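**Q** compute the structure for the input listed below.
(chains A and B)
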Amino acid sequence: MNPFTTFIGKIVSIPTENIDTDQIIPAQFLKVTDKNGLGKNLFFNWRYLPDGSPNPDFVLNRAQAQGAQILVAGDNFGCGSSREHAPWALAAFGFRAIISTGFADIFRNNSLKNGLLPIIVDKDTHRQLQSLAEEDPETRVTINLPDQTITLPDGRTVNFPIDPFSKHCMVNGIDQLGYLREHLSAIEKYEQSHPQRVKTI
Amino acid sequence: MTNTPRTLFEKIWDNHVVVHENGNPAVLYIDLHLVHEVTSPQAFTGLREKGLTVRRPSQTLATMDHGIPTTPPDVPITDMMIVKQISQLEKNCAEFGIPLMGMDSPNRGIVHVIGPELGATQPGMTIVCGDSHTATHGAFGALAFGIGTSEIEHVLATQSLLQQKPKSMEIRVEGALQPGVTAKDIILAIIARIGIGGGTGYVVEYTGSAIRSLNMEERMTVCNMSIEGGARAGMVAPDETTFEFLANRPLSPRGKAWDAAVAQWRQLRTDDGAQYDHTITLNADDLTPMITYGTNPGMGMKITDTIPDPADVADVSARQSLQKALDYMDLQPGKPLLGHPVDVVFLGSCTNSRLHDLRQAASVLKGRKVAPGVRMMVVPGSQQVKMQAEAEGLDKIFIEAGAEWRESGCSMCIAMNGDQLSPGQVAVSTSNRNFEGRQGSGGRTFLASPLTAAASAIEGAVADVRKYIA
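**A** Numbers count the residues shown, from 1 in each chain, chains lettered A, B, ... in the order given. Here you go, the predicted structure:
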């Protein structure tokens, strides 16, 4: 995972609330055994018409949306299935951050492990970002993870929350498994002092 | 610590914290890790790339359920991507020493059906699986939740997970269910009330006399859909009903170990005076059969209600979401759903595919026929459920009614295996998700109980089962 510090990125808005992971990446694309090739199937049922051609009404198909790195999405983004294919597909498309008023728990956890930053903002900021994206599709904002800020085109800076551990891992590009493995001796001690509750073999 | 009253969730949490460094998430020990073919391959690849092994194969259990066909076993699988996922799981389990309930195993089934069936799911445990419906196992008083593929790799490698401690919510359901009203209707009513994000950040404990009176299969139905209300985990404190279900299961403790286990399990209840972060209450007497009309499980109503009007919704975003849902579902505000024509009825999924569910549906279908032109698929949750149902003659009731009796699996709940709706088709489904395209691109899903599904199959339209119940 690459370190995530600060970048300036183009925003694109999908204002729909409760976008579930089945919309982000439909189940027919979960038949893979690796993580490759998911970007082209992101939002498949919204992005393509039944004949397979791009749906011209879908925002990600517009010329101005090309190169967008920040998705501004409606409340409770990523609800439903636990499929990590959802953040894989978003990241493969080129997104580095999702801004919403709320995220589903499992999606949020999965994103943080894939260099995709879920940013929670208040309703007013969210509305402003949505309007900006709709009025000028070339709108860019600055995301600064070490400072936990978004800087809007008018210079206004908005803070966002993130737990210190997730921030540390993302800023430094650290795989969380490394931290867990540092505790293997404590895990072993736990196992010695707690009888195994079930034996599947 | 021991003198402070604690909730059931807090007791299990405290008992599984290996390390909790200030400011960092806790290292939480995992007792049981369930694995299936769709979300695990990349995790095993990760292990190989890092040169790691599976720490506790004997606390791991694998099966294939999501993509496998429900056609007879002698019909070859034609989807080569599914074939590859199955063989990949077989290879991964063989290489890392993980027990696998494989294609030929009489114990194969939906991962959330076989865990309890085998007695692997037990009170007080932490249980995870790369599937959001892992909350099902909370019915036994376990802390069970879905994880992503990175976390699958974490658990395979360390038998532990990094977790921020969630908040706790009590959902208390008091009273008695009326005839024709089921556990599915309880959970659909709860989600309609709290909304699909209402439980985000929480572990739910379901309490109250109506929950207590449910059998284990019904409790699993309730806990299963916790995630549809946004809660990663839902749980019910174990009691005699739980112990009776678990006695003499293949992986349950035996003899003296059983007695000791039950004595421990009896301590697994929320102490008097313990505080939940949030409590909501429902009255079971007021519940009726429920059905969803929209494109998320929170868009549910009493089966006799009319479809809500977006014009009545004040919040702009919520109004637009409702309008978008009704457009997708091709429904008109103010109209009833009762009598709405149905093309397909799906009885199955980790929500409602257990013996109790099949018995309920069969009790309505017995001596009756599925309406002409309607396809009804009955997909048992496991091969064990299938065998037990056949031993009781339930298969004959379904077949004589004109329904299809299939092999076990996730089937049309996730529509990965070819069991799916065609664009524009309408289904009454006992599964858990009515998202756009969930049961097939362009398909439209009404979520309901097995009883409502059976009544709707008979009428070829959304039906109120209560008229079929004496």
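**Q** what's the biggest strand by length in chain A packed up against?
**A** The residue-count maximum for a strand in chain A (DSSP state E) belongs to strand A:6-14. On a contact count with 3 or more Cβ pairs under 8 Å, 6 or more residues apart in numbering or on different chains; DSSP states H and E, strand A:6-14 meets strand A:70-73, helix A:123-135, strand A:140-144. The way it works is simple: take the backbone N, C-alpha and C, and place the C-beta from them, glycine included.
**Q** where do the helices sit along chain A?
**A** Ranges of helices in chain A, per DSSP state H, are A:21-24, A:44-47, A:85-93, A:105-112, A:123-135, A:164-172, A:176-182, A:184-193.
**Q** can you list the ones you listed in CSV and add distance to residue B:340 and mean pLDDT?
**A** Output for the helices of chain A, formatted as CSV (distance: least, Cβ to Cβ, whole Å; pLDDT from 0 to 100):
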stretch, distance to residue B:340, mean pLDDT
helix A:21-24, 23, 98
helix A:44-47, 23, 97
helix A:85-93, 32, 98
helix A:105-112, 32, 97
helix A:123-135, 35, 96
helix A:164-172, 45, 96
helix A:176-182, 47, 95
helix A:184-193, 54, 98
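**Q** output those in JSON lines; the columns should cover mean neighbour count.
**A** Shown next, in JSON lines, are the helices of chain A (neighbours: other Cβ atoms under 10 Å in any protein chain shown):
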{"stretch": "helix A:21-24", "mean neighbour count": "26"}
{"stretch": "helix A:44-47", "mean neighbour count": "18"}
{"stretch": "helix A:85-93", "mean neighbour count": "24"}
{"stretch": "helix A:105-112", "mean neighbour count": "26"}
{"stretch": "helix A:123-135", "mean neighbour count": "17"}
{"stretch": "helix A:164-172", "mean neighbour count": "17"}
{"stretch": "helix A:176-182", "mean neighbour count": "17"}
{"stretch": "helix A:184-193", "mean neighbour count": "14"}
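**Q** all strands of the stretch 1-150 of chain B, in order?
**A** B:17-19, B:26-29, B:32-35, B:60-63, B:100-101, B:126-129, B:143-146 (DSSP state E, counting those that start in this stretch).
**Q** burial of residue B:277, as a residue count?
**A** For residue B:277, the neighbour count with other Cβ atoms under 10 Å in any protein chain shown is 13.
**Q** against residue A:179, how distant is it?
**A** Using Cβ to Cβ, to the nearest Å, we find residue B:277 at a distance of 27 Å from residue A:179.
**Q** do the same with residue B:308
**A** Noted for residue B:308: a distance of 47 Å to residue A:179, by Cβ to Cβ.
**Q** and for residue A:79?
**A** In terms of Cβ to Cβ, residue A:79 sits 28 Å off from residue A:179.
**Q** do residue A:136 as well
**A** Using Cβ to Cβ, residue A:136 is found at 41 Å from residue A:179.
**Q** and if you look at residue B:207?
**A** Distance, residue B:207 to residue A:179, using Cβ to Cβ: 36 Å.
**Q** residue contacts, residue B:11?
**A** For residue B:11, the contact set (Cβ atoms under 8 Å, 6 or more residues apart in numbering or on different chains) comprises B:124, B:267-268.
**Q** what of residue B:108?
**A** For residue B:108, the contact set (Cβ under 8 Å, 6+ apart) comprises B:63-65, B:101-102, B:114, B:382-383, B:408.
**Q** for the residue of the stretch 351-470 of chain B found nearest chain A, give me the pLDDT.
**A** Residue of the stretch 351-470 of chain B nearest chain A, by Cβ to the nearest Cβ: residue B:435 (4.5 Å). We have a pLDDT of 98 for residue B:435.
**Q** so it touches residue A:23, yeah?
**A** Yes - Residue B:435 is in contact with residue A:23 according to Cβ atoms under 8 Å; the separation is 6.8 Å.
**Q** pretty sure residue B:171 is in a helix, no?
**A** No - under DSSP: H, G, I helix; E, B strand; the rest coil, residue B:171 falls outside any helix and is assigned strand.
**Q** burial count for it?
**A** 29.
**Q** can you check residue B:192 too?
**A** Residue B:192 has 18 neighbouring residues, counting by other Cβ under 10 Å.
**Q** residues contacting it?
**A** Neighbour list for residue B:192: B:290, B:298-301 [criterion: Cβ under 8 Å, 6+ apart].
**Q** can I get the residues you listed in a markdown table with neighbour count and distance to chain A?
**A** As requested, those are exported to a markdown table (neighbours: other Cβ atoms under 10 Å in any protein chain shown; distance: Cβ to the nearest Cβ, whole Å):
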| residue | neighbour count | distance to chain A |
| --- | --- | --- |
| B:290 | 25 | 19 |
| B:298 | 24 | 8 |
| B:299 | 24 | 10 |
| B:300 | 26 | 14 |
| B:301 | 20 | 17 |
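**Q** so which of those are in strands?
**A** Reading strands off the contacts of residue B:192 with DSSP E, I get B:290, B:300-301.
**Q** okay, now residue 174: neighbour count?
**A** Just so you know, I chose chain A. Neighbour count of residue A:174, defined by other Cβ under 10 Å: 14.
**Q** my bad, chain B
**A** Using other Cβ under 10 Å, residue B:174 has 15 neighbouring residues.
**Q** residues contacting it?
**A** Contact partners of residue B:174, counting by Cβ under 8 Å, 6+ apart, are B:208-210, B:281-284.
**Q** got it, and residue B:459?
**A** Residues in contact with residue B:459 (Cβ under 8 Å, 6+ apart) are residue B:371.
**Q** just give the closest residue to residue B:352, not the sequence neighbours.
**A** Distances taken as Cβ to Cβ, 6 or more residues apart in numbering or on different chains place residue B:430 nearest to residue B:352, at 3.7 Å, with adjacent residues excluded.
**Q** neighbours around the one you found, how many?
**A** For residue B:430, the neighbour count with other Cβ under 10 Å is 29.
**Q** now residue A:17
**A** Using other Cβ under 10 Å, residue A:17 is surrounded by 23 other residues.
**Q** which residues touch the residue nearest to it when sequence neighbours are not counted?
**A** What sits nearest to residue A:17 in space, not counting adjacent residues and going by Cβ to Cβ, 6+ apart, is residue A:74, at 3.8 Å. Residue A:74 makes contact with A:14-19, A:100-101, B:317, B:321, according to Cβ under 8 Å, 6+ apart.
**Q** how about stretch B:417-424, which residues are buried there?
**A** Residues of stretch B:417-424 classed as buried: B:417-421 (neighbour count, 16 or more other Cβ atoms under 10 Å in any protein chain shown).
**Q** send the alpha carbons of that stretch over as CSV?
**A** Provided in CSV are the C-alpha atoms of stretch B:417-424 (Å, rounded to 0.1, in the frame of the first residue of the first chain):
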residue,chain,number,x,y,z
ASN,B,417,-24.9,-19.4,-10.1
GLY,B,418,-27.4,-18.9,-12.9
ASP,B,419,-30.4,-19.0,-10.6
GLN,B,420,-31.6,-15.5,-11.3
LEU,B,421,-34.5,-13.2,-12.4
SER,B,422,-34.7,-11.9,-16.0
PRO,B,423,-34.9,-8.2,-16.5
GLY,B,424,-38.3,-6.9,-15.4
